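# Make a model of this:
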Amino acid sequence: MKRSVIGLGLVLFFMVGVAHAQQATSSDIRNMLSELPGKIARHRISIKRCDMPPIIDGKLDDPAWDHAALLTNFIRSNDNLDDKVPGITPAEAESLIYVTYDDTHFYVGARMMEPYMRYLVSASENRDDSVWTDDALEWFLDTDQTGQEVIQLITNNAGIIWDGHDYERKTNVSWTCEGFRVATYHDQDCWYVEWAVPYEGLGMPVPQKGDIWRVQFARQRYTTPTGKRRENTTWVGSIEASFKTPDWFGELLFNENVSTVAAVVPEATFGKQMASISIHNGKATDLPLTFYTSSTGQSHQSYTTTGSVPAGQTKSFDIPMITEDEGANINALQVYSGTELLSVVRRSYFIEPITVPMREKLKYALMLSKAQSQSQAFRDNMVKRALQMQEQLNKLDQIKSELINGNFSELDKMQKWEEVVQAFNAIDIPTPPEKPKLSIWR
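I've put the predicted structure just below:
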């Protein structure tokens, strides 16, 4: 019979492992998320043409913004300020970006929520100063969707402009977006900015119905009593320190009469959640829709439903979404009208595998049950406790299997999960009465 020598060091290793289960670091999660963008459709929002252009005064009170597409739910992208994980951590201060267009301009209206308005940073005074060191809004346009040519526009909260043009990762700071107009406005709990960006200044053709721009919006936020940068956030949650990473850009679909006026995929927790989306239909006929939830996770339960938006109206929809894959993944809500993909709302997540420390605890109990240095009564007790632990783990596997099979109506499944976890945690491992010694275990 094969024998192995297991000593005190290995026993202590498992004791430490139970007390301090190893968790994924920010770097680990970054590496896992870096492999995911190409495995699921890009973030996409449909944008509607405006009937009358907005007045660029920074106040966002024009009818042009009433049915404009809304980009929100910004995500932290920097991980050098604290222990928050980039790409999955929600912004501390929300950014609301409205976009619309006409035959001459692309329009942006932004409302930047800010609880520390008195500490806004706006040190830049001249065009092409270091505006990114202020509280500022940035926009990136991948002009040919290859990542080789990127236009970057920035304005701070005082309306100072920086514009640049990248070709093959080399920035031409002397490039100017001619005719770019900006206005800002400060309120008690937020600051506003409005842009009118001429296609001619961008060197881009007038968008036609069905055209797609690949873009990223980002916010620099320095607002603290010390002036030290508080957070960087992006519309499409990116794990990269640089905003200028086309792999993490989203898409704007020029759609004439249809716009995505709100869309939320919630922060992932294990089990069932509800994604939500609001669509405005400016057409003269009803707009049929199909909703589909998906994930990069291997065992994600997809869900498909249908609906429609009456002509000339805005309608909201809540769509069930199940998260049952632990680890790093991206959840997404996709919205189709016929074969046309109108919107994709993505959200990256990381869920620490809950059963890893539990299985380590079971493994340690099994090892103690074979420790020849302990009494037979103690070893029998550990066998009993190990069987109890295995029973609870089997229950978790069964519950997870039911979740994967997509039984959306049984909301109590997650409650059962919590009850099983609590029952498992209640099974303690007593301190061995005898100090573990170097032993031969079968």
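
# Can you tell me the strand partners of the helix or strand containing residue 109 and which way each runs?
Using DSSP states H and E, residue 109 sits in strand 105-113. Partners of strand 105-113 in the sheet, by DSSP bridges, are strand 95-101 (antiparallel), strand 190-198 (antiparallel).

# For the last one, which outside residues touch it?
Looking back up the chat, that one is strand 190-198. 53-54, 56-60, 104-114, 117, 120, 135, 137, 139, 153, 155, 157, 159, 177-186 (Cβ atoms under 8 Å, 6 or more residues apart in numbering). Backbone N, C-alpha and C define where each C-beta goes, glycine included.

# Among these, the buried ones, what's the PyMOL command?
Here is the PyMOL command that selects the buried residues among the contacts of strand 190-198 (16 or more other Cβ atoms under 10 Å):
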select buried, resi 53+54+56+58+59+60+105+106+107+108+109+110+111+112+114+117+120+135+137+139+153+155+157+177+180+182+183+184+185
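
# Of the contacts of strand 190-198, which belong to strands?
105-113, 137, 139, 153, 155, 181-186 (DSSP state E).

# For the chain, which segments count as helices?
8-19, 26-33, 199-202, 355-369, 376-404, 412-425 (DSSP state H).

# Check the gap between the residue most central in space within the chain and residue 43 for me.
For the chain, residue 347 is the residue whose C-alpha lies nearest the centre (Cα atoms, centre = their mean; 3.5 Å). Residue 347 is 9 Å from residue 43, where distance means Cβ to Cβ, to the nearest Å.

# show me what contacts residue 365?
Per Cβ under 8 Å, 6+ apart, neighbours of residue 365: 382, 385-386, 389, 429.

# Now it. Nearest residue, chain neighbours left out?
Spatial nearest neighbour of residue 365, excluding adjacent residues (Cβ to Cβ, 6 or more residues apart in numbering): residue 386 at 4.3 Å.

# check contacts around the one you found.
Residue 386 neighbours (Cβ under 8 Å, 6+ apart): 362, 365-366, 369.

# That one and residue 363, how far apart?
The spacing between residue 386 and residue 363, counted by Cβ to Cβ, is 9 Å.

# Any buried residues in stretch 378-386, and which?
Buried, per 16+ other Cβ under 10 Å, within stretch 378-386: 378-379, 381-382, 385-386.

# With stretch 243-253 instead?
Quick answer for stretch 243-253 (16+ other Cβ under 10 Å): 243-246, 248-253.

# from the residues you listed, which has minimum pLDDT?
Within the set of the buried residues of stretch 243-253, pLDDT is lowest for residue 244 (79).

# where does that residue fall, phi/psi-wise?
Here is the backbone geometry of residue 244 (degrees, to the nearest 10): phi -80, psi 60.

# That one: what's it in contact with?
Taking Cβ under 8 Å, 6+ apart, one finds 140, 150, 152, 166, 216 in contact with residue 244.

# correct me, but the first one touches residue 202?
Meaning residue 140. No - using Cβ atoms under 8 Å, residue 140 is not in contact with residue 202; the gap is 12.0 Å.

# re earlier: and the buried residues of stretch 378-386 as CSV, adding distance to residue 266 and pLDDT?
Listed next are those as CSV, based on distance: Cβ to Cβ, whole Å; pLDDT from 0 to 100:
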residue, distance to residue 266, pLDDT
378, 47, 91
379, 47, 90
381, 44, 92
382, 42, 91
385, 38, 92
386, 37, 91
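
# on that earlier part again, looking at the contacts of residue 365, spot the one nearest residue 422.
Taking Cβ to Cβ as the measure, residue 422 lies nearest residue 389 of the contacts of residue 365, at 13.1 Å.

# What separation do you get for the nearest residue to that closest one once chain neighbours are set aside and residue 390?
Leaving out its chain neighbours, the residue that sits closest to residue 389 by Cβ to Cβ, 6+ apart is residue 362, at 4.5 Å. Using Cβ to Cβ, residue 362 is found at 6 Å from residue 390.

# one step back: mind telling me which of the helices of the chain the model trusts least?
helix 8-19 (a mean of 33).

# What pLDDT is listed against the residue nearest to the centre of the chain?
85.

# Neighbours of residue 124, how many?
The tally of other residues near residue 124 (other Cβ atoms under 10 Å) stands at 21.

# Verify the stated contact: it with residue 131.
Yes - Residue 124 is in contact with residue 131 according to Cβ under 8 Å; the separation is 4.7 Å.

# Find residues that contact each of the two.
156, 160, 162.

# pretty sure the last one is touching residue 131, no?
In other words, residue 162. Yes - look at residue 162 against residue 131 with Cβ under 8 Å: they come within range, at 4.1 Å.

# Who has more neighbours out of these two?
Neighbours per residue, other Cβ under 10 Å: of residue 162 and residue 131, the larger number sits with residue 131, 27 against 21.
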